[in-house]
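# Let's see this in three dimensions:
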Amino acid sequence: MSVQRTLLDRRVIQWSVILYISLLMPMSLLHEAGHALVCSSEGFGYRLWLDGTGGHTLCSGIPADSTAYGTIGGAFGVLASVAIIAFWAFARRHMAILAVGLAYAIDQAAKMFLEGFFTGAYASGLLDLPLTALQVVSWIGITLYLARRSVAVAIARG
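Numbering: from 1, shown residues only. Just a heads-up that it's a prediction; the model follows:
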């Protein structure tokens, strides 16, 4: 019986951790800015803040289109994620950039869907743990996959 070691590019993992953590608050702020945009476009005031649990927006009124209000935060997050992925595609500098962009895209797309169409469950906090698990598991999975792929590509190139 032979034991095969899986080689991982540690730089991909290290940079993925640095980038992911560095972008947590900016991504949260962009997400909440989407909600604030809908709130203010309907003439309401809003309060936006960041804390240890993430970003929050409190609208002083009830927007007429609750689906738009719920989905636009995630849409802003998805657009930011696409910008990260586009930067990677343009620069082709490091797989960690792609890993972080893809992980944030999954997270923000899930939030866009759940906030827009399952607003009550989302607002209750019932989905916080499953969403956090999805966010972390997708990020780690994508990072490990790309760290392994980075080594495979380097070996193939010789």
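# Residue 146 against residue 95, yeah?
Yes. The pair residue 146 and residue 95 qualifies as a contact (CB atoms under 8 Å) at a distance of 4.1 Å. C-beta coordinates here come from the backbone N, C-alpha and C atoms, glycine included.
# Excluding chain neighbours, what is closest to the spatially most central residue of the chain?
In the chain, the centroid-proximal residue (CA atoms, centre = their mean) is residue 104; its distance is 2.1 Å. Distance criterion CB to CB, 6 or more residues apart in numbering; nearest residue to residue 104, sequence neighbours excluded, is residue 81 at 4.2 Å.
# can you confirm that neighbour is in a helix?
Yes. If the criterion is DSSP: H, G, I helix; E, B strand; the rest coil, then residue 81 is within a helix.
# quick revisit: contact partners for the residue nearest to the centre of the chain?
Contacts for residue 104 were tallied using CB atoms under 8 Å, 6 or more residues apart in numbering; they are 23, 27, 77, 80, 81, 84.
# so what does the helix ranked longest in the chain touch, helix or strand wise?
Ordering each helix of the chain by length in residues (DSSP state H) puts helix 10-41 first. Packed against helix 10-41 by the contact rule (3 or more CB pairs under 8 Å, 6 or more residues apart in numbering; DSSP states H and E) you find strand 46-51, strand 54-59, helix 66-91, helix 95-117, helix 128-157.
# Take those and write them to a markdown table, including mean pLDDT and distance to residue 32.
A markdown table is the format used below for the helices and strands packed on helix 10-41 (pLDDT from 0 to 100; distance: least, CB to CB, whole Å):
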| stretch | mean pLDDT | distance to residue 32 |
| --- | --- | --- |
| strand 46-51 | 94 | 5 |
| strand 54-59 | 92 | 4 |
| helix 66-91 | 95 | 6 |
| helix 95-117 | 96 | 11 |
| helix 128-157 | 90 | 15 |
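# any idea how far residue 27 is from the closest residue to residue 46 other than its chain neighbours?
Excluding the flanking residues, the one nearest residue 46 by CB to CB, 6+ apart is residue 39, at 4.3 Å. To residue 27, residue 39 is 19 Å away according to CB to CB, to the nearest Å.
# do the same with residue 131
From residue 131 to residue 27 the distance is 14 Å (CB to CB).
# When those two are compared, which one has more neighbours?
Taking neighbours as other CB atoms under 10 Å, residue 131 and residue 27 compare with residue 27 leading, 22 against 15.
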